[in-house]
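> Build me a model:
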Amino acid sequence: MPIVSNDIKFYESGDNHGGTLTNTVAQDFNVMGSFTGAQTSAGETRYACVYLRNDSATNTALSMEVSLGAVTDFGTVSASIGLGSALKNQDETTVADKNTAPAGVSFIATGALAVGDLTVSQYKAVWLRLIVPAGTSPKNEFTIPLTVTLSTGE
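Numbers count the residues shown, from 1 in each chain. Next up, the predicted model:
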């Protein structure tokens, strides 16, 4: 039986700053938190770590890629993603806070990140970056949609 889309999920990391993979499924990728008027007025860059995991009980997810989905209602705010520097099935190094860039991660705003194959229960870290330029209007949240493509092995 081939792998199905419900077998592939994103999970939050501890405080979304890297570190331990949690059992909390990342919902709608609102992992950046709220922005106050002062923060958007001054401008701010934030980072968050999620883990892409193959929850299939029997199948390997082949040739996986992650890309940004359609980002809407951001104005001048920009989103980008990067693969974590830790190996598969290893936790990312925790960063000090949401404004600290992870070491060794290269971010892209277009195109796809090649994750490769994920065997049963295997995971890989994906970092999200959100750049809010100075003078941006206040907004409660920015949702960063992620898209996963893979081969089912058929």
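
> Show me what Tyr51 is bridged to.
Legend: beta-bridge partners of Tyr51 under DSSP bridges are Tyr11, Ala125.

> excluding its backbone neighbours, what's nearest Thr20?
Gly14 (4.8 Å; C-beta to C-beta, 6 or more residues apart in numbering). Any C-beta I mention is one placed from the backbone N, CA and C, and that applies to glycine too.

> pLDDT below threshold where in this protein?
Under the criterion pLDDT under 70, the flagged ranges of the chain are 1, 28-30, 71-74, 152-154.

> now the strands: where do they sit in it?
8-13, 21-25, 44-54, 61-68, 78-83, 112-118, 123-132, 146-151 (DSSP state E).

> isn't the residue nearest to Thr20 right next to Thr24, touching?
No: the criterion here is C-beta atoms under 8 Å, and Gly14 misses it with Thr24 at 9.9 Å.

> sorry, back to before: and the residue nearest to Thr20, how close does it get to Pro2?
33 Å (C-beta to C-beta, to the nearest Å).

> higher neighbour count, the two?
Gly14 (15 against 12; other C-beta atoms under 10 Å).

> which residues touch that one?
20, 22, 94 (C-beta atoms under 8 Å, 6 or more residues apart in numbering).

> Likewise for Asp97?
Counting by C-beta under 8 Å, 6+ apart, Asp97 has contacts His17.

> All further residue positions should be reported with the first residue as 55.
Shifting the count to begin at 55 puts that one at Asp151.
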